[in-house]
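[1] Using only what follows, build the 3D model:
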Amino acid sequence: MTVESWFNRIWYERAAPPWWLVPLSLVYGAVSGARRFLYVRRLRRPTRMPCPVVVVGNVTVGGTGKTPLVIWLVQHLAERGYRPGIVTRGYGGSSSVVRRIDLADDPVLVGDESLLLARRTGAPVAVGRDRPAAAQLLVSAGCDVIVSDDGLQHYALARDCEIVVIDGDRRFGNGWLLPAGPLRETPTRLKVADAVVVNGGRALLAGALSMRLEAKTAVALVAGTVQPLSHLAGRRVHAIAGIGNPERFFNMLRARGIEVLGRALPDHARLTAGDIEFGDDEPVLMTEKDAVKCAAFAGGRHWYVPVTASFDSGEAGSLLETILDRIQRRDHTA
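    Numbering: from 1, shown residues only. So this is what the prediction gives:
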């Protein structure tokens with residue numbers, strides 16, 4: 001059992017964490033709360049960009065569906081004439097410097113999500129621990145809106161709009177702060193966000209918008225061939241997922257009538273040829289985030305499944321209206 005899976009069992013399957021993790025959670029809560037207090041009270045000054053900043057983040061560790069929502073948002077902003085850019089941490093990458101993403105970059109260097117964002121959106125993407133510096137690269141590139149993938153707790157970058165994404169299946173786990181639970185901040189943080197989006201599941205929250213991730217096709221890693229997922233209905237396939245909640249990916253495939261033999265990997269895992277080989281001739285499906293790390297050693301049986309964010313009737317317009325309102329307020333006061 002990996003450390004990640006051990007923590008996930010504690011966070012999402014146990015009613016109470018081990019007693020010795022509780023003092024660490026109290027320390028974490030005190031430190032993170034004090035840091036937020038300093039920024040809220042303006043005792044520490046965040047860096048304000050010359051253009052609006054929209055943060056898409058969460059209050060828990062792990063994947064909640066932020067990246068598909070960022071892609072959705074960037075595409076809609078571009079359709080309305082904006083020039084959005086994306087800033088992200090570049091988690092999983094080895095680079096320690098702030099830099100713009102090139103489509104030919106090695107994901108080992110810049111991280112898998114940053115490369116995925118650049119390829120899917122065509123928008124400029126900048127990575128780095130210093131988010132204000134990364135955002136400034138995008139401003140210098142001509143971007144007039146900055147969208148931050150994650151970064152809700154990175155208060156050094158001032159923001160004009162906050163969107164919090166929640167995993168509708170896992171919600172807040174056992175309700176404890178790190179490391180006893182999965183929470184980076186308590187759920188009360190949602191009260192000051194501009195919008196709350198629940199991804200899948202049945203965990204509807206008052207005032208929250210409902211989002212789901214849709215998958216309709218599979219794309220061959222080698223040839224680029226596209227086939228409907230419906231063509232795989234009734235077939236047995238291997239599926240790998242190195243994301244925060246692998247079961248979400250596996251269940252999404254099962255909902256399409258596919259018999260899934262799942263292999264869950266740690267989030268942002270660095271894949272090798274052995275990770276995607278199973279010794280038989282069955283197709284192998286993976287997430288798009290995993291696919292960017294497998295191009296060099298993939299074969300003809302390897303496919304990735306792109307997902308898109310989708311909203312219930314009217315809720316997409318409501319979310320976009322909220323975001324555009326915050327952007328336009330900033331434009332009018334700049």
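
[2] tell me the mean pLDDT over the helix or strand that contains residue 289?
    Here residue 289, judged by DSSP states H and E, is contained in helix 288-291. Here helix 288-291 scores 93 as its mean pLDDT.

[3] next one: stretch 311-324
    Mean pLDDT, stretch 311-324: 91.

[4] which residues make contact with that stretch from outside it?
    With contact meaning Cβ atoms under 8 Å, 6 or more residues apart in numbering, stretch 311-324 is reached by 54, 73, 76, 80, 161, 163, 194-195, 197, 209-212, 310. C-beta here means a position set from N, CA and C on the backbone, and glycine is covered the same way.

[5] returning to that earlier point: show me what the helix holding residue 289 is packed up against.
    For helix 288-291, the elements it packs on are helix 112-121, strand 302-305, judged by 3 or more Cβ pairs under 8 Å, 6 or more residues apart in numbering; DSSP states H and E.

[6] Am I right that residue 285 is in a strand?
    Yes. Counting by DSSP: H, G, I helix; E, B strand; the rest coil, residue 285 is found in a strand.

[7] Tell me which helix or strand the residue nearest to it when sequence neighbours are not counted sits in.
    In space, and not counting its chain neighbours, residue 285 is closest to residue 239: 4.7 Å by Cβ to Cβ, 6 or more residues apart in numbering. With secondary structure defined by DSSP H and E, residue 239 is part of strand 236-241.

[8] Same check on residue 159?
    If you go by DSSP H and E, residue 159 is not part of any helix or strand.

[9] for it, what are its contacts?
    If you count contacts by Cβ under 8 Å, 6+ apart, residue 159 has them with 53-55, 148.

[10] what about 10 Å?
    Residue 159 sits next to 46, 48-49, 52-55, 57, 146, 148, 151-152, 194, 326, 330 when contact means Cβ atoms under 10 Å, 6 or more residues apart in numbering.

[11] which among these end up buried?
    Among the contacts of residue 159, those scoring as buried are 49, 52-55, 57, 146, 148, 151-152, 194, 326, 330 (criterion: 16 or more other Cβ atoms under 10 Å).

[12] if we can go back for a sec, JSON lines please, covering the helices and strands packed on helix 288-291 and showing mean neighbour count and mean pLDDT.
    Formatted as JSON lines, the helices and strands packed on helix 288-291 follow (neighbours: other Cβ atoms under 10 Å; pLDDT from 0 to 100):
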{"stretch": "helix 112-121", "mean neighbour count": "24", "mean pLDDT": "94"}
{"stretch": "strand 302-305", "mean neighbour count": "23", "mean pLDDT": "96"}
